[in-house]
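Trainee: let me see the structure of the following:
(2 chains)
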Amino acid sequence: MSGDRARLAEARVVVVGAGPSGLTAATALRRAGVGTVTVVEREQHAGGVPRHTDHLGFGMRDLHRVLRGPAYAARLAEAADASGVDVRCASTVVEVGGDHVTLADGTRIDADAVVLATGVRERPRSARLVPGDRPGGVLTTGAVQQLTALHHRDVGTRAVIVGAEHVSFSAIWSLRHGGCRTVAMVTPLLRHQTYAPLRWLTAGLRRVPVHTGRTVVEIVGRPRVRAVRLDDGTELACDTVVFTGEWVPVNELVRRAGATMVPVSRAPATTSGFHTSVTGLFAIGNLVHPAETADVCALDGRHAAESITAWLTGRRWPDAPAPIAIDDPDGAIAWAAHTSRGVTVRSASFGAGMLELLAPDGTVLGRSRRRRLVPNRAVVVGSASAAADGWAPATGATGATGATGAATVVALRRRG
Amino acid sequence: MVTPATGATGASTSTAGPTYDVAVVGGGVVGCAVARALSHHRLSVLLLEARQDLGAGTSKANTAILHTGFDATPGSVESRLVARGWHLLRAYAPTAGISIEDTGAVLVAWDDEQAAALPALQRKAEANGYAHARVIDAAEVRELEPHLGPGVTGGMVVPDEHIIDPWTTPLAFAHDALANGATIETSFDVATVDVGREITELVATDGRARRARFVVNAAGLQGDRLHRAVGLDGFTIRPRRGELIVFDELARPLLRRTILPVPTSHTKGVLVAPTVFGNVMLGPTADDIDDREATGSTAAGLAALREKGRRILPALLDEEVTAVYAGLRAATEHSDYQLGTHPDLRYVVLGGIRSTGLTASMSLAEEALSMLAEAGLELEQRAEVVTVRRTPLGERDVRPYRSGGRIVCHCEHVTEEEILTACSEPLPATDVDGLRRRTRALTGRCQGFSCWAEITALTGWDPAR
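Mentor: Coordinates of the predicted model:
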């Protein structure tokens, strides 16, 4: 053990991204005795998305308290500082491997392990191929939050929100901070996808109509947006359109590093210990599962610290992680990914059924408690301790089942 | 100096100011090239642009190819000027900070009819004075571009059909002209032209007036209207709308060169081209429309592009889209450029310049100068000409972020200093679109998710415009 301790003390880990998962991983690594832990963050301040998510609901699972986003971000940053993490803000990583990162100015930082915690962004209007004019006033929730919470700017006066998942409803709040009333929400799905209380607190209280089963087929106006047109011909007058959700991992670095990717989620495939297919390269947080709440991401970081320290001391890398296989002939399951609390699953449509998590040999490792499937909403199956892919942190290698590239399976059982 | 829009001013003649030797109407890539060429002579030059920025019309929304002119109509004015323009622009670009990537192109045939058309295309290239096009078989096409979809029947390489930065080109010309003494006014939308015995007066829609001895019409989509305002006739613009989809930089490894369609009598193909900014472009569609401002994209156009793109480069469709836009080309009832000089009116027209205008911009400027000379303008070279170099925007260029500036736009690695410079340079960005074209900021995959708030703070712009 003292040999392990010495190895950890000599080791260097670079974490890319100072959001909840990256900061929490860095703090946990320092507390586990890793000598040098550097977090590289491209923004001016550490904290990630919660910095500009100015509402309650942060920190429940990881810190066991309820905080607003900015307070939560500050707390994670302080914890990292206090544990001796070297946080470098306003510093951009342009390339990574399992043993180094390269910064924008060409500086190379060698490392014994690299942890990618680059997070997610919302899919903007252009990537959704929404036709029409290209006026000003077309934004994402991320931009609205930063404008209102960080820069105290006003946005428009009448907004249409595209999307009806959790973040879409929280966008109503952010817009209000910017002096903007939400006049309608539009989702192509047949129902909204958030929890009833959140819907009631936001859209319900303000009597915002949710146009379900509808798509925006045209954006009208120049130089400023004047209206959106729906596929049923409805024209909604507005001066602001907010495209919400449809989370896309910030995956450029991990893809360029050559990691195996999960097709639908566009996230890197990982083991339950967050190893990617590139030796020495870990991926955590919403980069891996777009998107979970901040506390789930933070717990990824804490959980990953175990497999990272095992790698630093044992130097054994699991066989190439493959995307979690989906056993669902109807295509209702969009994707599945490991999180700190088990495997999270996303469905492509509304439905019902029991989800099972199976080992490559068919052993049932866990079953979901929920039977309702809602798109854009997490269903968790199994648990972090059920080493679904044979990855066992205690031994620092693939376990007795010897998962050799064979995939864990998520199966949808509609009966029984 | 630049005179920003000041709104309506008083009576026309009282605000006409000095009489310029030449007024160039139209601040697209052609007009800017003409103004630059004129400014290198001992002349007073005025460039007028109707929009609030230069290069903001047809010039900004094209396929950004430096054409060899291999497929032009042999013997046409366009054929001659594109071939000459290729050489002029290629020589000028590195001195001005205009990025060019030597990618070359390959025409890809997808059926027997298209493959059969290739030898004639090679002969056409030769008739256009371009000798390096070469017909190749399907196996060789596949070797050149391994990511092409199934069904390739043959191809033709065009090794000198390169890609160029279309945004910097007009801005480089304009800043060069400005540095050499030209006057540039934006938001000056010419409404009427009064050709006098010695002086022509141009009056804007807001009543402002400017005077010049000679006038060059480089008004692009409005070229026919200006032509009629001068009292002439001969061509009518019917805009051809081209919709384009731009894919994320992660798509760039899917191709090495521009993949061109084989033109046939009844099919209008689309191309897939890398861009100097590191993206991949799919398009354009070609719809003849009546509205000269209809630069919106359409569901039908985007669906058609995706269908064609899926056949050409199947993996492309799995990548994220960073931009969708539509450009209008100044098509006329004629197939060739409409150039003309009218000595009696001291007027030169450069009309009907379509997508090849970027490549031909500098040769069109040469042409304009010789036509002006024919019309009686004295051209005397300045003893000293100032050269202006912009910071190149190309992904292959060494960009400012590499020397340590603070990055604001993370997708495109644009620094704070670049954004501030773009807003304070002699011909500054006044809106988001202008900033995009000067810096690449906000053109990436996140479309402002990460940086829009910061950019509005830096520029002081209204976040919702």
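Trainee: surely residue B:50 is within a strand?
Mentor: No: counting by DSSP: H, G, I helix; E, B strand; the rest coil, residue B:50 is not part of a strand but coil.
Trainee: and the closest residue to it other than its chain neighbours, what is it in contact with?
Mentor: Once its chain neighbours are removed from consideration, residue B:50 has its nearest residue in residue B:189; the separation is 3.8 Å (Cβ to Cβ, 6 or more residues apart in numbering or on different chains). Any C-beta I mention is one placed from the backbone N, CA and C, and that applies to glycine too. Under the criterion of Cβ atoms under 8 Å, 6 or more residues apart in numbering or on different chains, the neighbours of residue B:189 are B:50, B:204-206.
Trainee: show the buried residues in the residues you listed.
Mentor: Neighbour counting with 16 or more other Cβ atoms under 10 Å in any protein chain shown marks B:50, B:204 as buried within the contacts of residue B:189.
Trainee: for residue B:152, state which of the contacts of residue B:189 is nearest.
Mentor: Nearest to residue B:152 out of those is residue B:50 (Cβ to Cβ; 44.6 Å).
Trainee: where's the closest one relative to chain A, distance?
Mentor: For residue B:50, the distance to chain A under the criterion Cβ to the nearest Cβ, to the nearest Å works out to 15 Å.
Trainee: and the pLDDT at that residue?
Mentor: Residue B:50 carries a pLDDT value of 98.
Trainee: and what of the one 4 residues further on?
Mentor: According to the prediction, residue B:54 has pLDDT 98.
Trainee: that one looks like it's in a helix, true?
Mentor: No: following the definition three-state DSSP, residue B:54 is coil and is not counted among the residues of a helix.
Trainee: leaving out chain neighbours, which residue sits closest to it?
Mentor: Nearest in space to residue B:54, with sequence neighbours left out and distances taken as Cβ to Cβ, 6+ apart, is residue B:27 at 4.0 Å.
Trainee: tell me, how many residues neighbour residue 69?
Mentor: Reading this off chain A. By other Cβ atoms under 10 Å in any protein chain shown, 25 other residues sit near residue A:69.
Trainee: my bad, the chain I had in mind was chain B
Mentor: Residues within reach of residue B:69, counting by other Cβ under 10 Å, total 26.
Trainee: I figured residue A:104 hits residue B:403, correct?
Mentor: No: in this structure residue A:104 lies outside contact range of residue B:403 using Cβ atoms under 8 Å: 9.2 Å.
Trainee: which residue lies nearest the spatial centre of chain A?
Mentor: For chain A, the residue lying nearest the average C-alpha position, counting by Cα atoms, centre = their mean, turns out to be residue A:286 (1.8 Å).
Trainee: what about it, distance to residue B:363?
Mentor: Counting by Cβ to Cβ, to the nearest Å, the gap from residue A:286 to residue B:363 is 52 Å.
Trainee: residue contacts, whichever residue of the stretch 101-250 of chain B sits closest to chain A?
Mentor: Among all residues of the stretch 101-250 of chain B, residue B:250 sits closest to chain A, at 6.1 Å; criterion: Cβ to the nearest Cβ. Taking Cβ under 8 Å, 6+ apart as the criterion, residue B:250 is in contact with A:252, A:255-256, B:319-320.
Trainee: quick check on those: which are buried?
Mentor: For the contacts of residue B:250, buried by 16+ other Cβ under 10 Å: A:252, B:319-320.
Trainee: can you pull out the helices in the stretch 51-200 of chain A?
Mentor: With DSSP state H, counting those that start in this stretch applied, the stretch 51-200 of chain A shows helices at A:60-63, A:69-82, A:141-145, A:166-177, A:196-199, listed in chain order.
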